[in-house]
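>>> Here you go, sequence then predicted model.
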Amino acid sequence: MELLSDMAGKAPLYRNSPAPRDMVNHITKDPILLQRVSFKEMRMEYFAMESQCFITGDERTLEDLFVDTEDSSHGNACLNVMATRIATVFASLREFPLIRYRVAKSLDVTSRTTFPDLITTKLAAGIWNHLLEYKTTIPNFPETETCELLILDRTVDQIAPIIHEWFYDAMCHELLSMHGNKFVHEVQSKTGVPPDKKEVLLDEHDPIWLELRHAHIADASERLHEKMTKFSAKNKMAKIQSLRDGGKLSTRDLQEIVRAIPEYSEQIDKLSLHVDIVGKIYEKIDQLGLKGIGQLEQDIVFGYAGLQEVIKFLKQENATRENKLRLLIILSVIYPEKFEGENCHRLMKLAKLPVKDMEALHNMRLLGESADTTKGITKTFSMKFNIHKRKRANRKERNDTEEKWQLSRFYPMIEELVELLSKGELSEDDYPCINGTSDTSAELSPTPLVKRTPAHSVKSRRTRSWAQRQYSDSSNSSSGRVLEHSSSSNKMGRRIFVFIIGGATRSELRACYKLTGKLDREVILGSSSIEDPQQFITKLKQLSVRELS
């Protein structure tokens with residue numbers, strides 16, 4: 001990938017991958033050319049999506065890597081490109097990671113090893129080779145480990161890409177017709193003419209979005225109501241209302257109001273935008289009957305519901321085809337034995353789902369055959385006796401403060417894995433270290449602290465920023481963003497990077513921000529892509545059953 005300037009002008013020539021040596025020689029040996037352009041190589045083969053998220057832009061990861069084929073050359077080539085792009089993240093940040101990776105369940109002497117079983121191992125080795133090269137070619141590149149990298153694949157948590165999310169960011173992207181981070185806002189006119197349509201970006205330049213994006217939808221609604229109330233009470237423009245009540249405005253009042261008009265207009269526009277968005281989300285919740293399906297999904301995940309409750313839901317006439325399919329996929333992950341043989345066909349027939357949907361369900365089951373989502377997690381005996389809990393659970397209960405909100409129980413599996421990694425309790429058998437030994441992990445975890453280099457980044461009390469956007473665009477990712485060290489003046493522990501092969505979810509991104517505050521260590525999520533449920537299911541449908549291992 002490269003970004004070229006106008007060769008006839010004075011703008012610089014940038015190339016974000018190593019340039020061919022003959023190209024460099026041609027530029028450096030031509031004095032006339034050197035007077036006209038500048039040349040700089042940058043190792044930035046990734047897209048910084050936001051403060052703590054980057055992607056490598058590999059949209060076909062499922063099709064390219066999660067296949068069992070005798071010819072693995074294409075898969076190896078894809079992994080090599082992915083490893084190169086991930087390595088440039090560490091090159092640009094001058095970080096040298098301790099690399100841990102997830103070992104597939106089927107890696108034992110009694111079963112055949114397939115290509116999908118080896119993708120995390122191969123990726124870890126590829127990144128390691130690039131880092132060794134950087135130690136000899138990049139000035140001031142660290143000689144010892146400065147952070148941790150945990151490499152996972154999508155089979156580590158098959159429920160996260162499917163389940164309905166109830167947090168602002170995720171619901172915006174799933175329920176509204178957004179293109180990347182671009183939302184079309186309809187501004188109602190007071191004259192009765194059709195509303196004006198205005199494109200806005202929901203990104204880190206919007207302070208309200210920055211504050212609310214990871215809030216539960218009910219929490220976001222309450223906070224917006226409070227903001228509107230306080231704004232109306234304090235803003236100078238509100239004094240205009242006193243005219244209607246017979247009040248009088250002094251000349252000084254009028255001058256202050258005129259000066260406040262631009263700021264007032266901007267603030268009220270931002271508040272009105274998010275009030276409108278929340279209103280549209282609640283309309284979708286009611287139209288699609290999401291509260292019922294959301295409650296049932298989480299009851300299944302935590303062991304309070306099972307097959308009988310699902311059958312009852314499938315008989316409902318108003319249940320949408322997509323919701324029924326997502327519910328069945330979740331059930332199949334937790335109860336795979338109930339989808340063997342004719343049982344699967346009976347359930348699909350009861351749900352009145354077409355063959356294409358059945359392929360998505362079957363492909364998800366095949367993707368997870370080599371997965372063991374409990375690897376590395378210590379089993380604990382719960383002293384919480386509950387006579388109503390009679391089913392199989394996929395998650396253990398957690399007592400988080402945000403659980404006061406309905407439908408906020410679900411959390412992605414990486415949240416638990418990262419906590420174990422930070423405490424030095426992640427299984428070394430299931431998550432070995434490519435660097436040799438993970439003894440350094442204990443040194444990297446809680447105690448050593450580093451002070452980040454200040455930068456002019458946008459941040460709130462809820463986030464730390466290591467990537468700043470230089471200009472706005474309308475896409476979901478931007479080559480105009482560059483990585484920087486955190487702008488936080490506080491001392492924090494070493495960074496933790498998590499890379500998920502096969503697409504990450506917005507719930508996993510939210511977990512990384514949450515863990516940053518909880519662990520006092522910046523947790524950065526990387527993936528081949530960021531997937532919304534509809535996108536992920538579409539990719540499942542496009543897979544050929546015979547391609548999967």
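Nice, I can see it.
>>> Strands of this structure, residue ranges please.
Using DSSP state E, the strands of the chain run over 2-3, 13-15, 39-41, 47-50, 53-55, 97-101, 147-153, 182-187, 196-201, 449-451, 467-469, 481-483, 491-501, 521-527.
>>> Out of the helices and strands in this protein, which is least certain?
The helix or strand of the chain with the poorest confidence is strand 467-469; it has a mean of 36 (mean pLDDT, DSSP states H and E).
>>> any chance of the strands of the chain in TSV, plus mean neighbour count and distance to Leu417?
Any C-beta I mention is one placed from the backbone N, CA and C, and that applies to glycine too. Listed next are the strands of the chain as TSV, based on neighbours: other CB atoms under 10 Å; distance: least, CB to CB, whole Å:
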stretch	mean neighbour count	distance to Leu417
strand 2-3	12	36
strand 13-15	17	37
strand 39-41	13	35
strand 47-50	24	21
strand 53-55	23	17
strand 97-101	25	10
strand 147-153	25	7
strand 182-187	15	33
strand 196-201	12	32
strand 449-451	13	23
strand 467-469	22	23
strand 481-483	19	24
strand 491-501	23	8
strand 521-527	26	11
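>>> right, so of those strands, which gets closest to Leu350?
Smallest distance to Leu350 across the strands of the chain (CB to CB): 32.1 Å, for strand 147-153.
>>> average pLDDT across stretch 98-107?
Averaged across stretch 98-107, pLDDT comes to 83.
>>> If you could redo that for stretch 328-344, that was the one I meant.
For stretch 328-344, the mean confidence score works out to 92.
>>> Could you do stretch 523-540 as well?
Summarised as a single mean, pLDDT over stretch 523-540 is 95.
>>> Also stretch 364-381?
59.
>>> Ranked by average pLDDT, which of the strands of the chain falls at the bottom?
Least confidently modelled of the strands of the chain is strand 467-469, at a mean of 36 by mean pLDDT.
>>> surely Val81 meets Asp58?
Yes: if you go by CB atoms under 8 Å, Val81 and Asp58 touch, sitting 7.3 Å apart.
>>> who's more crowded, these two?
Asp58 (20 against 16; other CB atoms under 10 Å).
>>> coming back round to it: same list (the strands of the chain) but as a markdown table, adding distance to Gln295.
Formatted as a markdown table, the strands of the chain follow (distance: least, CB to CB, whole Å):
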| stretch | distance to Gln295 |
| --- | --- |
| strand 2-3 | 48 |
| strand 13-15 | 51 |
| strand 39-41 | 54 |
| strand 47-50 | 30 |
| strand 53-55 | 29 |
| strand 97-101 | 36 |
| strand 147-153 | 29 |
| strand 182-187 | 28 |
| strand 196-201 | 32 |
| strand 449-451 | 42 |
| strand 467-469 | 36 |
| strand 481-483 | 38 |
| strand 491-501 | 27 |
| strand 521-527 | 28 |
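>>> Go through those strands and name the closest to Gly289.
strand 182-187 (23.8 Å).
>>> now the closest one against strand 196-201, angle please.
150 degrees (axes from the mean of the first three to the mean of the last three CA atoms, to 10 degrees).
>>> And the strands of the chain: which comes nearest Ile163?
The stretch from the strands of the chain with the least distance to Ile163 (CB to CB) is strand 491-501; that distance is 16.0 Å.
>>> partners of the closest one, with directions?
If you go by DSSP bridges, strand 491-501 pairs up with strand 147-153 (parallel), strand 449-451 (antiparallel), strand 521-527 (parallel).
>>> Centre of the chain to that strand, how far?
Offset of strand 491-501 from its chain centre (CA atoms, centre = their mean, to the nearest Å): 14 Å.
>>> So for Thr136, which of the strands of the chain sits nearest?
The minimum distance between Thr136 and these falls on strand 39-41, with 16.0 Å, by CB to CB.
>>> Do a quick rundown of the helices in the stretch 151-300 of the chain.
Here the stretch 151-300 of the chain has its helices, by DSSP state H, counting those that start in this stretch, at 168-175, 207-212, 217-234, 241-244, 251-288, 290-301.
>>> mind listing what's buried in the last one?
Judged by neighbour count using 16 or more other CB atoms under 10 Å, the buried positions of helix 290-301 are Leu290, Ile293, Gly294, Gln295, Leu296, Glu297, Gln298, Asp299, Ile300, Val301.
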